[in-house]
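Q: I would like the atomic coordinates for the input below:
(one chain, ligands or ions: 2)
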Amino acid sequence: MALTLWRDARLVTLAGDTGWGLIEHGALLADGDTIAWAGPEAELPAGLAPEAEHRLGGALVTPGLIDGHTHLVYGGDRAREFELRLQGASYEDIARAGGGIRSTVAATRAADEPALFAAALPRARALAADGVTTLEIKSGYGLELEAEARCLRVARRLGAETGLTVRTSFLGLHALPPEHEGRADDYVTAAIGWLPALHAQGLVDAVDAFCETIAFTPAQVERFFAAARTLGLPVKLHAEQLSDQGGAALAARHGALSCDHLEWLSPAGVRAMAAAGSVAMLLPGAFYCLRETKLPPLAALREAGVPVALATDHNPGTSPILSPTLVMNQACTLFRMTPEEALRGFTVNAARALGLAERGRLVAGQRADLAVWDLGHPAELAYWIGRAPCRGTVLGGIAR
Ligand SMILES: N=CN[C@@H](CCC(=O)O)C(=O)O
Ligand SMILES: [Zn+2]
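A: Ligands and ions are numbered 1, 2, ... in the order given. Okay, here's the model as predicted:
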């Protein structure tokens, strides 16, 4: 395999369970797409003959960022809804009136695959320009078999086009599509019926649902998850965003990779997640855009040892954000996370939320996904707003 060496770097390894794991005057060696060695440059193993060598001039290097919750593929936008919410309409009222997610479903169904791809590609590139190397993309704006498949195919193509690692989630239970009005249980049965075909086409890495008064009940989510697990697919859930539905405990019973949002998470939900090993995926972008006031129970999650991940939750309705560093700032400012927790939330804990064990830290054996920053200290990742400090990324040992 080809050896590539990066030197004169300040490595933020996140090697231990706490601390930045900062190595000043560091060097990192990749063997193909895998980190072979990372440490102080003075201790570089002798006799190396790297095929390529990059001097970074003291730049900060972190693990490539992992955005573990996005709705990147959709038609249209929701700027008009933004105006309505500013005039006092609530997200729930708009949803109940047939807008919200349903309006994006209409625009997504009307868009063909090239149009969806053309719209999503700059979004993926914007995330990559802010340090992202791995990306989760959900469906959930098609809500009929062919439209869901179309969105998931676009997600796969985005990975192929950009070199980013893309993990897909079939968000079949996102909202009730209008043609099923009044027949939610029938819609759930239909979505369960699409699962084998989507899975057989290699389009689904995990299954997701929205458990909420404006979306699906715990009983409906339970049926959907049971079907997913029969196919061996992991589950995750939009849980406790606007009310406490007991969704996190339900998802934990199914061994959920993550429970996401969690503003209304109860102590019982925290305990269930801790016992199941589910990651808490906090989404401060949606909290900010919806001007929520109820904070997720961060202290209880810390106390219970639940890993906390962060994501942009990029979507046209509640989080039209394409900057993980902005989300780190929001997590610190709004949720009182520490900058180190924020970086762990976008790296090692996000990797766990996607079931990807081999990334998120700069240590030997991990995938050589790196982000290079024009910053002096890692706390600055969460500090600057609008600075665009990412100099570039490395995807599986290859500089982008
Ligand atoms: N909460 C549900 N789903 C999305 C929002 C989707 C939308 O409003 O279009 C989220 O994760 O925030
Ligand atoms: Zn979401």
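Q: contacts for stretch 141-154?
A: 71, 73-75, 101, 104-105, 107-109, 112-113, 116-117, 120, 139-140, 168, 170, 172, 174-175, 177, 191, 194, 197-198, 201, 203-204 (CB atoms under 8 Å, 6 or more residues apart in numbering). All C-beta spots, glycine's among them, are computed from the backbone N, C-alpha and C.
Q: the stretch 51-200 of the chain: strands as residue ranges?
A: In the stretch 51-200 of the chain, the strands defined using DSSP state E, counting those that start in this stretch lie at 52-63, 65-67, 132-138, 165-173.
Q: Cys289 is nearest to which of these?
A: Within these, the stretch nearest Cys289 is strand 65-67; the backing value is 16.5 Å (CB to CB).
Q: packing partners for the closest one?
A: Contacting strand 65-67 under the criterion 3 or more CB pairs under 8 Å, 6 or more residues apart in numbering; DSSP states H and E are the following elements: strand 132-138, helix 348-353.
Q: quickly check: the first one near ligand 1 or not.
A: Spelled out, it's strand 132-138. No. Judged by CB under 6 Å from any ligand atom, strand 132-138 stays clear of ligand 1, getting no closer than 8.2 Å.
Q: quick one, domains of this structure?
A: Per the record, the chain has its domains at 3-63+360-399, 65-354, by the TED database.
Q: which of the contacts of stretch 141-154 are buried?
A: When burial is judged by neighbour count using 16 or more other CB atoms under 10 Å, the buried members of those are 71, 73-75, 101, 104-105, 107-109, 116-117, 120, 139-140, 168, 170, 172, 174-175, 177, 191, 194, 198, 203-204.
Q: about what we covered before: among the contacts of stretch 141-154, which are within reach of ligand 1?
A: Within the set of those, contact with ligand 1 (CB under 6 Å from any ligand atom) is found for His71, Ile101, Thr104.
Q: the second one: what's it in contact with?
A: Applying CB under 8 Å, 6+ apart, we find Ile101 in contact with Ala95, Gly140, Tyr141, His174, Ala175, Gly317.
Q: can you convert the residues you listed into JSON lines and add a column each for pLDDT?
A: JSON lines is the format used below for the contacts of Ile101 (pLDDT from 0 to 100):
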{"residue": "Ala95", "pLDDT": "95"}
{"residue": "Gly140", "pLDDT": "98"}
{"residue": "Tyr141", "pLDDT": "98"}
{"residue": "His174", "pLDDT": "98"}
{"residue": "Ala175", "pLDDT": "98"}
{"residue": "Gly317", "pLDDT": "98"}
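Q: and the residues you listed, which is closest to Gly57?
A: For the contacts of Ile101, the residue nearest Gly57 by CB to CB is Gly317; the value is 41.5 Å.
Q: for that closest one, grab phi and psi.
A: Phi and psi for Gly317, reported as degrees, to the nearest 10, are phi -100, psi -60.
Q: residues from the stretch 101-250 of the chain in reach of ligand 1?
A: When proximity is defined as CB under 6 Å from any ligand atom, the stretch 101-250 of the chain approaches ligand 1 at Ile101, Thr104, Phe210, His238, Gln241.
Q: for the stretch 301-400 of the chain, which residue gets nearest to ligand 1?
A: Of all residues in the stretch 301-400 of the chain, Gly317 sits closest to ligand 1, at 2.6 Å by CB to the nearest ligand atom.
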